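1. sequence and predicted structure are below.
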Amino acid sequence: MPKDFDPSKGTVKGAKATCPVCGMIDANRVRRLFQEDKTGQRMVAVVLHHPKEKGKFIGLQMRRILEVYRQAEECLQKKVEELRKKWGIETIPDESLPPRGTLGFGIQPYGMKKWGNLFNSRQKLALITFVVR
């Protein structure tokens, strides 16, 4: 991560993405990378809130937070398999999203075509946990 990267400015505006390492990526290339499943995710900051202070604060990534995130990914895989065997169905929604524009946002050109694509591993684990309880 470059030393001058400022997570408070964000990395996406409209369909243009700014890579913190190599710079701007145009909208067509962003779409193509998503469609070809050549994208990923990386936590670059954590938004923090202190109950006795006003506003939110940006905390740069910390090893412990990343480790917890990796553990959530592992736990998700185990839970998905366990519930697939128990229920006989997929636990992550694999139904197709409605046509582009129906939801009020158009993510289908980015290769996100199923409901399960809308969430990262940590979010999916939380949602499954809520359903099972």
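-> Perfect, thanks for sending it.

2. tell me which element residue 58 falls in.
-> Secondary structure assignment for residue 58, by DSSP states H and E: strand 56-60.

3. what residue is smack in the middle of this protein?
-> Centroid-nearest residue in the chain, with CA atoms, centre = their mean: residue 120, separated by 3.8 Å.

4. for that one, which non-adjacent residue is spatially closest?
-> residue 41 (6.1 Å; CB to CB, 6 or more residues apart in numbering). For glycine as for every other residue, the C-beta is placed from the backbone atoms N, C-alpha and C.

5. can you report how many residues neighbour that neighbour?
-> For residue 41, the neighbour count with other CB atoms under 10 Å is 8.

6. now it: how far from residue 13?
-> Here the criterion is CB to CB, to the nearest Å. By it, residue 41 lies 18 Å from residue 13.

7. contacting residues around stretch 119-127?
-> With contact meaning CB atoms under 8 Å, 6 or more residues apart in numbering, stretch 119-127 is reached by 41, 69, 72, 73, 75, 76, 79, 92, 116.

8. lovely, talk soon.
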